[in-house]
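Peer 1: heads up, no residue letters with this:
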């Protein structure tokens, strides 16, 4: 099992920044990617960003982003803390959503509880 605890959501004005964190615990050695999805009211959950390993030690990895956040959001991972971050800059009202951490591993796919991000215009 992998447990995920998210933090960092909140209310920010247009153009502002927030950083989301997702700390993983449990069988984290089996993790091969970590990412973020979001779900706005009345809409389906959508992919935001993902960081994926190329080797078991995470020495080489790749980052992927949804077109809507490219150039504004940055995903990163702290190996020592088993934590993935989503730095969100130049936030827009359309970024308002509940953001979910997602982990893919050899033992299954796991989701965080979600953290609300609200961008006021």
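Peer 2: Good, I have the coordinates. Just so it is clear, the model here is predicted, and its values are computed rather than measured. Numbering: from 1, shown residues only.

Peer 1: how much space separates residue 4 from residue 16?
Peer 2: 25 Å (C-beta to C-beta, to the nearest Å). Yep, even glycine has a C-beta here, placed from its N, CA and C like the rest.

Peer 1: any regions of this protein where pLDDT drops low?
Peer 2: By pLDDT under 70, the chain contains no weakly predicted segment.

Peer 1: list the residues that contact the residue nearest the centre of the chain.
Peer 2: By C-alpha atoms, centre = their mean, the mean C-alpha position of the chain lies nearest to residue 36, the distance being 2.9 Å. When contacts are counted by C-beta atoms under 8 Å, 6 or more residues apart in numbering, residue 36 is found next to 20, 22, 48-50, 75, 84, 86, 99-102.

Peer 1: repeat for residue 21
Peer 2: The contact partners of residue 21, by C-beta under 8 Å, 6+ apart, come to 6-8, 83-85.

Peer 1: with residue 113 instead?
Peer 2: 4-6, 100.

Peer 1: just the residues you listed: which are in strands?
Peer 2: The strands, defined by DSSP state E, take in 4-6, 100 from the contacts of residue 113.

Peer 1: now the residues you listed: which count as buried?
Peer 2: Among the ones in strands among the contacts of residue 113, those scoring as buried are 4, 6, 100 (criterion: 16 or more other C-beta atoms under 10 Å).

Peer 1: now tabulate those residues in TSV and tack on distance to residue 69.
Peer 2: Converted to TSV, those look like this (distance: C-beta to C-beta, whole Å):
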residue	distance to residue 69
4	20
6	17
100	15
